[in-house]
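J.: I'll drop the sequence and a predicted model, then ask my questions.
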Amino acid sequence: MNTVTSISVIIPVYNDSEGIRTTLNALVSQTAYDYEILPVDNNSTDQTREVIAEFVTSNPDIVWPLEETNRQSSYAARNTGIEYASGDVLLFLDANMWVTDTWVDGMTTTLETRGCDYLGCDVKLVANDEPTFTERYEQAFSFPVQTYLDNKHFAPTCALAVRREVFDKIGLFDEHLESGGDKEFGQRVHRVGFEQCYTSNVTAYHPARNSWDALKSKALRIGRGRAQMRKYHPEVGTYHHPLHPINYVPPSPFRLRRRFSGYSTSPLTLVGFYLLEFVLKLTQTYGMIHESLALLRTEREKD
């Protein structure tokens, strides 16, 4: 690895060659002076490695490729990045996201000037010029980062800054988790007493999911993560048993109304969003049931 730098940017990636190209393009031209970029390939089978290699060739002083092949988990990939990072400040950005050329400076400067140990920023979901139904839904429901920090004491790992000393004190992300690891880690940070902050002045951009398949994949992953959280971290939040009736109750229409207040959305579209949210809730429950059974089988096999 290179000599010690003050900032490390860690990017977990799995089978997303175009996404990692987008993210690396945004990061290699930052205004920050002293930083390194650590893309961590999580055992991809597409062209992801080749794309990363292109950036290593063109930016050998700042792009340092890593691999995590032992465990299929974005949190395991982030932990590998943490292990090899040389920075005192660690930034996390997901592959397929993009930022302006001042993002690294903005995150680290805010961390320093406000005395933060853990910092979440604004995350905007970007749709096509003519958004699909699912893109419009995503834009209204995803990434209320300030609310997450204020009420649940975590920020998404898709765009996050953390001081090295935080990991030294409380440990790494939990690699058992497919989803929910950002919440579990953030609440550990909060319990120990580190300073958690949010800034609306720094923004990272995330593409809105533009198809049912993409939304379904996310919902199943969230459901699997909830089952894992129930098993490994019952102290974090309230994760009901998969067969609890609350998992099958339609969502509150008032939540939908709050999210779309100020939007010019037709009543028919609102009904469609409400039905979609209910279907996604049931899909999450299915993912939770499936993973709970898998965990149970694993326990019995060990016995």
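T.: Noted; the coordinates are in hand.
J.: When you work out contacts or count neighbours from here on, use the C-alpha atoms and nothing else.
T.: Noted.
J.: could you pull out the strands for the protein?
T.: 7-13, 35-41, 66-67, 89-93, 98-99, 118-126, 159-163, 196-207 (DSSP state E).
J.: Mind giving me the packing neighbours of the fifth one?
T.: Secondary structure elements in contact with strand 98-99, counted by 3 or more CA pairs under 8 Å, 6 or more residues apart in numbering; DSSP states H and E, are helix 17-27, strand 196-207.
J.: Which of these sits closest to Gly186?
T.: strand 196-207 (8.6 Å; CA to CA).
J.: and that closest one, how far from the chain's centre?
T.: Remark: strand 196-207 is offset 12 Å from the chain centroid, using CA atoms, centre = their mean, to the nearest Å.
J.: can you list the helices and strands packed on strand 98-99 in JSON lines and add mean pLDDT?
T.: Compiled in JSON lines, these are given as follows (pLDDT from 0 to 100):
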{"stretch": "helix 17-27", "mean pLDDT": "97"}
{"stretch": "strand 196-207", "mean pLDDT": "97"}
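J.: Format those as TSV; extra columns: distance to Phe254 and mean neighbour count.
T.: Below are the helices and strands packed on strand 98-99 laid out as TSV (distance: least, CA to CA, whole Å; neighbours: other CA atoms under 10 Å):
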stretch	distance to Phe254	mean neighbour count
helix 17-27	35	20
strand 196-207	26	18
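J.: Let me know which of these is the nearest to Lys169.
T.: Proximity to Lys169 (CA to CA) singles out strand 196-207 among the helices and strands packed on strand 98-99, at 15.0 Å.
J.: Is it possible to get CSV of the strands of the chain that adds distance to His190?
T.: Putting those into CSV (distance: least, CA to CA, whole Å) gives the following:
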stretch, distance to His190
strand 7-13, 22
strand 35-41, 26
strand 66-67, 30
strand 89-93, 18
strand 98-99, 27
strand 118-126, 9
strand 159-163, 12
strand 196-207, 7
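J.: follow-up on the earlier one: mind putting the helices and strands packed on strand 98-99 in a markdown table, distance to Asp41 included?
T.: A markdown table is the format used below for those (distance: least, CA to CA, whole Å):
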| stretch | distance to Asp41 |
| --- | --- |
| helix 17-27 | 10 |
| strand 196-207 | 19 |
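J.: nearest to Tyr137, of those?
T.: Taking the helices and strands packed on strand 98-99 one by one with CA to CA, strand 196-207 is closest: 12.5 Å.
J.: by how many degrees do the closest one and strand 118-126 diverge?
T.: Taking axes from the mean of the first three to the mean of the last three CA atoms, to 10 degrees, one finds that strand 196-207 is oriented at 30 degrees with respect to strand 118-126.
J.: next one: the longest helix anywhere in the chain to chain centre, how far?
T.: What stands out as the longest helix in the chain, according to DSSP state H, is helix 267-302. Put simply, helix 267-302 sits 19 Å off its chain's centre (CA atoms, centre = their mean).
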